[in-house]
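Asker: Sequence and predicted model, in that order:
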Amino acid sequence: MPTETETPAARKPGKRDVRLWIAGTSVSLFGDAALWIALGVWMKDLTGSNGMAGLAFAAYVVPRLGAPFLGLVVDRFRRRPLIALLNFVLAGWVCLAFLVHDEQQAWLLYLVLFGIGLGVGMHNAAGSALLTNLVHADDLGPTNALMRTVQEAGMLAAPAIGSLLYVGFGPRMVAGLEVVTFLICAFSVLAVRVDEPAPKPPEGTLPQELMAGLRHLARTPRLRAVSIAMGGGLLGFGFIETVIYAIADQGLHRSAAFVGVLTVAKGIGSVLGGLAGMRVLKRVGPGREGLLTVCGLSMMALGCAIVVLPGIVAALAGVFVMGLGTPGAVVGLYTSVQRNSPAQLQGRVASVASMLATAPQVLSVATGAALIATIDYRILLVVMVALISTSACYLALRVRGFDHADEARPATAGVAEPAAAD
């Protein structure tokens, strides 16, 4: 099995290329955040249902359940041109939202989000793989944290801008903004200069190729542990996509548009959480990204607990703390994938890790949408705290075991131990 040092390319492209990649990806994510908020509010306004609004997020993440197919496509093509093409296609797909005029066409909003989720899932897998060619292995964690911080800063402004455009000019203007951001991302990625190795030809049957990423993840203890923890954590955290509307409506007696204010508070926390993640990774050193995921999940659980308390101050403080934890949890997962996967499997492993994390989230979004009408949202928040906390504790114990195993290994000059030897 390849070691951490064998996975990424050793050469570092110029800072210009890394900046272009971060900027293009961040702009695209900014547009996604603005559109997702707008379409959720639009669905609420069209149908009057918190559950229907919450299912908008489910439509966005369901396509990632096709991770083996998405990852296989990513590993069969050069990542840079693939990402550019995806963004051009998505720019056209968003235009379907312009056809929605009343509740009868509301289903088109789910179709738009499904298509974007499909493309973004492939973009994320390809981008995770491409980054291993842009930076050195030891710089992957801090670079991921920096990228996440920039993205969170953009998403901080996205809800406010999306809400302003929605209220002032209508939801179609937000869809137009998304089209522009996809185009900017496509041209930015095309401008990146990177030496990508030619994709390797298939080495087995189609089923074997589809399952290769899952097999690698299952056989690599560090990846297996962080994926299980993130899956359990997001099984709980997925309820927030529906609960947040109930917090605004039932808890604070505000309109659905107030969800944008809560999202801004979460975004501020996420920006600060991304900056903190950079410092944590630099302090603990490469190879201990799982510790950052533990910290992130713990903060997310604490935030959910705070939101249980009544009042607008508690609601804003709670979502702020959730935001503090989210970047660390995500960065820890994807950096672990990048450092512990061979180049030819990067796309498939990243897709499978994303699937294992988001599939439980899809389940909890759907469950939350079904339960929110009959169960007090505060009960769902308590369930969220229990699930996320359990996941954080599980990973904390596993990370401690990995650290002890690393300390017990005899020093071997010039030779790194295989990831699966843990």
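Answerer: Great, that's in hand. Remember, it's a predicted structure, so these values are computed and weren't measured experimentally.
Asker: Show me the shaky parts of this protein.
Answerer: Counting by pLDDT under 70, the low-confidence segments of the chain come to 1-14, 54, 64, 67, 159, 204, 255-257, 285-287, 401-422.
Asker: Please repeat the previous calculation with a cut-off of 90.
Answerer: Within the chain, the segments meeting pLDDT under 90 span 1-81, 94-179, 189-227, 230-231, 233-296, 304, 307-319, 323-384, 396-422.
Asker: If we ignore the residues flanking it in sequence, what's nearest the residue nearest the centre of it?
Answerer: Centroid check for the chain by CA atoms, centre = their mean gives residue 330 as the closest residue, at 6.2 Å. Closest residue in space to residue 330, ignoring its immediate chain neighbours: residue 148 at 6.6 Å, by CB to CB, 6 or more residues apart in numbering. No exception for glycine: its C-beta is placed from N, CA and C like everyone else's.
Asker: got a list of what that neighbour touches?
Answerer: 270, 274, 277, 327, 330-331 (CB atoms under 8 Å, 6 or more residues apart in numbering).
Asker: Give me the ChimeraX select line for the residues you listed, limited to the buried ones.
Answerer: The buried subset of the contacts of residue 148, as determined by 16 or more other CB atoms under 10 Å, is captured in ChimeraX by this line:
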select :270,274,277,327,330,331
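Asker: What about the contacts of residue 148, which are in strands?
Answerer: Secondary structure defined by DSSP state E assigns none of the contacts of residue 148 to strands.
Asker: and the contacts of residue 148 as a markdown table, adding distance to residue 104?
Answerer: Listed next are the contacts of residue 148 as a markdown table, based on distance: CB to CB, whole Å:
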| residue | distance to residue 104 |
| --- | --- |
| 270 | 36 |
| 274 | 41 |
| 277 | 45 |
| 327 | 39 |
| 330 | 37 |
| 331 | 42 |
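Asker: and the residue nearest to residue 330, how far is that from residue 282?
Answerer: From residue 148 across to residue 282, the span is 15 Å (CB to CB, to the nearest Å).
Asker: Then residue 216?
Answerer: For residue 216, the distance to residue 282 - CB to CB - is 28 Å.
Asker: So if I had to pick from those two, which one is more boxed in?
Answerer: Taking other CB atoms under 10 Å, residue 216 and residue 282 do not tie; residue 216 has more neighbours (23 against 12).
Asker: Please give the centre-to-centre distance between whatever helix or strand that one lives in and its chain.
Answerer: Using DSSP states H and E, residue 216 maps to helix 206-219. Remark: helix 206-219 is offset 22 Å from the chain centroid, using CA atoms, centre = their mean, to the nearest Å.
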